[in-house]
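Engineer: Provided below are the primary sequence and the corresponding predicted coordinates.
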Amino acid sequence: MLTLTSPVETPLHRVPAGAKLVALALATAGLFALRDPVWLALAGLGLAALHLRLGRGLARHGARMLRPLWPFVLVVAVWHGATGDPEGGAAVILRLLAAVALANLVTMTTRLTDMLGVVERATRPLARLGLDPRAIALAVALAVRFTPVLLDKAQALRQSWQARSPRRATWRIVVPLGVLALDDADRVADALRARGGL
């Protein structure tokens, strides 16, 4: 599976994971409190400047991680354009891009083991209800790790379809992608069982 942490060391790498996750939650709440596209655009520019301040390599990687959002951006733009609310559409798009870029920045500058430690400590009170904090942390880790893997597999399936057919793949790759995801899940489950599970 892929690692999402940037190998380029930045000052943000040295900030504790818990502090970054709390800051991410507060910043995301602040983005949702903003309604004016101008303020959201300024927040996005500030976030872009922060990425560039941390290094051009990290900024390029952060921009690449936003590529999967473009279909959603297009749908929102078309919908709000058709309903006569371009300002509302701009606000939704800017908020979406900024929130995901923030989450990506935290992911790129935080080791997964540190994030899992925070999740496990935060969910420890749930043990009284019979929930295993380690299982919850593992589920979060698998979700974080598998997201880019599934995106890569979806892209490979699209390219395979385009090489064999002049029509667009659209929904036709959903079933093969689901089968690949289930196959990966089986292999990960087997590997966990071989290592003694949780």
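Structural biologist: Arrived safely.
Engineer: hmm, who's touching the helix or strand Met115 falls within?
Structural biologist: Under the criterion of DSSP states H and E, Met115 resides in helix 112-122. With C-beta atoms under 8 Å, 6 or more residues apart in numbering as the test, helix 112-122 has contacts from 3-5, 16-18, 21, 107, 133-134, 136-138, 140-141, 144-145. Quick note: C-beta positions are derived from backbone N, CA and C, even for glycine.
Engineer: immediately after it, which helix or strand?
Structural biologist: helix 133-164.
Engineer: report the buried residues of that next one.
Structural biologist: Neighbour counts over helix 133-164 (16 or more other C-beta atoms under 10 Å) mark 133, 136-138, 140-141, 144, 146, 148, 153-154, 157-158, 161 as buried.
Engineer: ok, residues contacting stretch 63-80?
Structural biologist: 51, 86, 88-90, 92-93, 96-97, 100-101, 104, 108, 151.
Engineer: what about the chain, any weak spots by pLDDT?
Structural biologist: 1-7, 169, 196-198 (pLDDT under 70).
Engineer: how far away from the center of its chain is the host helix or strand of Leu58?
Structural biologist: Take DSSP H and E as the rule and Leu58 turns out to sit in helix 56-64. Put simply, helix 56-64 sits 14 Å off its chain's centre (C-alpha atoms, centre = their mean, to the nearest Å).
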